[in-house]
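**Student:** Pasting the sequence and the predicted coordinates here, then a few questions.
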Amino acid sequence: MKKTILAILMVLPTLAMASGGKHLDEVDYDLHNKESLQSGARLFVNYCLSCHSAAYQRYNRMAEDIGLTNAQVTSNLMFAAEKVGETMTVAMQPEDAKLYFGNPVPDLSVIARARGADWLYTYLRTFHTDESRPYGVNNTTFKDVGMPHVLWELEGMKKLVNADEMQKHPGTAPKFEVISEGQMSAAEYDNAMRDLTAFMVYMGEPAKLVRYELGVYVLLFLVLLFLVAYPMKKEFWKDIH
């Protein structure tokens with residue numbers, strides 16, 4: 001028992017470092033929900049893919065996994081490619097991105113694996129006005145972020161009202177005051193960001209959906225194997241036991 005408690009205490013600082021002392025909201029996503037993944041894909045290609053690439057994801061693989069046909073993907077989700085077998089790249093060159101934003105724009109193929117789903121979900125919902133920043137916005141999850149709030153038309157604009165409290169007590173949840181309304185209500189925007197997060201989680205490991213399906217069959221096989229193996233074990237060892 002003492003060893004278990006000691007192991008937990010040793011892991012806690014690591015978890016704190018992973019979140020950077022920031023408050024993270026838990027996101028409840030479902031990779032089996034095709035409608036959610038399709039909604040996330042639409043948001044990604046309309047608002048993220050203009051600058052960020054997803055160079056390890058192919059359009060046709062996405063179509064197969066999230067329940068769309070190649071024709072639907074070509075008509076509705078392909079704005080930066082000509083063939084459905086291409087990867088999700090962008091036309092912006094790294095040197096141009098550095099000129100516009102100060103740094104090359106990162107590829108988002110595995111951002112969910114690098115940062116975690118809760119981090120992404122919180123980040124997408126914690127932009128706020130900050131006149132000291134080049135684009136007039138900042139982010140409580142990623143301080144001094146070098147990108148504009150590209151989803152502001154959906155969410156609206158808001159300002160941070162408890163900055164001093166957050167500075168004094170790391171891990172405090174941010175509180176915001178709405179400045180201008182967006183096209184979505186707060187609940188609708190949260191749901192949209194959940195869908196976008198789910199799509200990026202899927203994109204980080206598309207094979208996860210296959211593994212989930214295979215896992216069910218593996219468990220069923222093990223159950224059937226046990227039903228056969230246990231009686232055999234009893235028969236082989238009956239003279240010993």
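**Tutor:** Yep, it's here. Note that this is a predicted model, so its numbers are computed, not measured. Numbers count the residues shown, from 1 in each chain.

**Student:** domain ranges for the protein?
**Tutor:** Domain assignment for the chain, taken from automatic domain parsing, gives 24-205, 214-241.

**Student:** what's the least confident stretch among these?
**Tutor:** Lowest mean pLDDT within the domains of the chain: domain 214-241, at a mean of 85.

**Student:** so how far is it from its chain's centroid?
**Tutor:** Distance of domain 214-241 from the chain centroid (CA atoms, centre = their mean, to the nearest Å) equals 40 Å.

**Student:** helix or strand for the most centrally placed residue in the chain, which one?
**Tutor:** In the chain, the residue lying closest to the centroid (CA atoms, centre = their mean) is Thr197, at 3.5 Å. Using DSSP states H and E, Thr197 sits in helix 186-204.

**Student:** Just say which of the domains of the chain is most tucked in.
**Tutor:** For the domains of the chain, the largest average neighbour count (mean count of other CB atoms under 10 Å) is found in domain 24-205, namely a mean of 17. Using the backbone N, CA and C atoms, a C-beta is placed for each residue, glycine as well.

**Student:** returning to what we had before: packing partners of the helix holding Thr197?
**Tutor:** In terms of contacts (3 or more CB pairs under 8 Å, 6 or more residues apart in numbering; DSSP states H and E), helix 186-204 is packed against helix 34-43, helix 59-66, helix 111-115, helix 117-124, helix 152-155.

**Student:** Give me the angle between it and helix 59-66.
**Tutor:** 120 degrees (axes from the mean of the first three to the mean of the last three CA atoms, to 10 degrees).

**Student:** quick check: angle from helix 186-204 to helix 117-124?
**Tutor:** Using the same axes, to 10 degrees, helix 186-204 lies at 130 degrees relative to helix 117-124.

**Student:** Show residues contacting helix 186-204.
**Tutor:** Applying CB atoms under 8 Å, 6 or more residues apart in numbering, the external contacts of helix 186-204 come out as 27-31, 33, 36-37, 39-41, 43-44, 48, 54, 57, 62, 65-66, 108-113, 117, 120-121, 124-125, 151, 154-155, 182, 184, 208-209.
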